[in-house]
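>>> sequence first, then the predicted structure, then my questions.
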Amino acid sequence: MKTIVVCSGGLDSVTLAHKVAAENTLTRLLSFDYGQRHKKELAYARRCATRLDVPHDVVDIVAVGRLLTGSALTSGGSVPDGHYAEATMRVTVVPNRNAIMLTVAFGLAAAEQADAVAAAVHGGDHFIYPDCRPAFVEAFLAMQRQALDGLASVSFHTPFLRVSKADIVREGARLGVPFDETWSCYKGGALHCGRCGTCVERREAFHLAEIDDPTRYADPDYWVDACRRHRARQL
């Protein structure tokens, strides 16, 4: 299937791009600049496209992102430290972000006569992000079938929807993904901070997958206490 991958430059979407390239026909990577504080992730998406020898488009929706206030990713509030699944991570939700991006991606797929759009939503996202859950995926695809009725038939490829971040790390290792060429940190500094939810989740996933993490973290050990505190709260 000719497939467009929505790629942020993060570990999940870069692994997905490699998976699609290995198993189907990857036609292009599509990224979005929505004014995110970790905009440097887009450079990692570009490197992935170069590595896989496909076009890479960055869609500028900064004006839209500016209106979606209230998220620590777009409106200047601080990104919290701690485990990814903590309730404090809700401040990183950008309202309707995936719905907006995927609508553009499906329109592009219809215009290019691609067969599918692929997104790297995964099981670990479900607690925090409503537009990463199975119900959203099903509803969005149903909406797109109506929107493109008689124009195109585009499927929604979400192979990680019900798997963990550790599973994605294992799959990436199998595919030979250069993990050091991916960016997760929401703070967007010179190094991964090691303290924000996405850094903690990333470090924990490599640990659970029993695969060496090549990422350089400003605080490489914080994740241990963050995970311990999170487990204690669940008891």
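Received the coordinates, thanks. Note that this is a predicted model, so its numbers are computed, not measured.

>>> show me which strand runs longest in this structure.
As assigned by DSSP state E, the longest strand anywhere in the chain is strand 25-33.

>>> following the longest helix along the chain, which helix or strand comes up?
For the chain, the longest helix by residue count, based on DSSP state H, is helix 97-112. Next helix or strand after helix 97-112 toward the C-terminus (DSSP states H and E): strand 116-118.

>>> next, count neighbours for the residue nearest to Tyr217 when sequence neighbours are not counted.
Excluding the flanking residues, the one nearest Tyr217 by C-beta to C-beta, 6 or more residues apart in numbering is Gly194, at 3.3 Å. Quick note: C-beta positions are derived from backbone N, CA and C, even for glycine. Other residues lying near Gly194 total 22 when counted by other C-beta atoms under 10 Å.

>>> got phi/psi on Gly194?
With angles defined as degrees, to the nearest 10, Gly194 sits at phi 80, psi 0.

>>> I figured it hits Glu201, correct?
No. Counting by C-beta atoms under 8 Å, Glu201 is not a contact partner of Gly194; they are 11.4 Å apart.

>>> which residue ranges of the protein form strands?
With DSSP E as the criterion, the chain has strands at 2-6, 25-33, 56-60, 116-118, 155-157.

>>> now these as CSV including mean pLDDT, distance to Ala105 and mean neighbour count?
CSV is the format used below for these (pLDDT from 0 to 100; distance: least, C-beta to C-beta, whole Å; neighbours: other C-beta atoms under 10 Å):
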stretch, mean pLDDT, distance to Ala105, mean neighbour count
strand 2-6, 98, 5, 24
strand 25-33, 98, 5, 21
strand 56-60, 98, 9, 15
strand 116-118, 98, 5, 25
strand 155-157, 98, 10, 20
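
>>> how about CSV for these, with distance to Gln146 added?
CSV is the format used below for the strands of the chain (distance: least, C-beta to C-beta, whole Å):
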stretch, distance to Gln146
strand 2-6, 20
strand 25-33, 22
strand 56-60, 23
strand 116-118, 16
strand 155-157, 14
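
>>> nearest to Thr88 among these would be which one?
strand 25-33 (24.8 Å; C-beta to C-beta).

>>> excluding its backbone neighbours, what's nearest Lys40?
In space, and not counting its chain neighbours, Lys40 is closest to Gly188: 5.4 Å by C-beta to C-beta, 6+ apart.

>>> residues contacting the closest residue to Asp12 other than its chain neighbours?
Using C-beta to C-beta, 6+ apart and skipping residues adjacent in sequence, the residue nearest Asp12 is Ala120, 3.8 Å away. Contacts for Ala120 (C-beta atoms under 8 Å, 6 or more residues apart in numbering) come out as 6-7, 10, 12-13, 15-16, 158, 160, 168.

>>> most neighbours of all these, which one?
Among the contacts of Ala120, Leu16 has the most neighbours (other C-beta under 10 Å), with 32 neighbours.

>>> for the nearest residue to that residue once chain neighbours are set aside, grab phi and psi.
Spatial nearest neighbour of Leu16, excluding adjacent residues (C-beta to C-beta, 6+ apart): Ala120 at 4.2 Å. Backbone torsions for Ala120, taken as degrees, to the nearest 10, come to phi -100, psi 30.

>>> picking up where we left off before, and the residue nearest to Asp12, how far from His207?
Using C-beta to C-beta, to the nearest Å, Ala120 is found at 20 Å from His207.

>>> pull stretch 228-235 out as PDB, backbone CA atoms only.
In PDB, the C-alpha atoms belonging to stretch 228-235 read as follows (Å, rounded to 0.1, in the frame of the first residue of the first chain):
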ATOM      1  CA  ARG A 228       9.100   4.500  41.700                       C
ATOM      2  CA  ARG A 229       6.800   7.400  42.800                       C
ATOM      3  CA  HIS A 230       4.300   6.600  40.100                       C
ATOM      4  CA  ARG A 231       4.100   2.900  41.100                       C
ATOM      5  CA  ALA A 232       3.700   4.000  44.800                       C
ATOM      6  CA  ARG A 233       0.700   6.200  43.900                       C
ATOM      7  CA  GLN A 234      -1.000   3.300  42.100                       C
ATOM      8  CA  LEU A 235      -0.900   1.100  45.200                       C
END
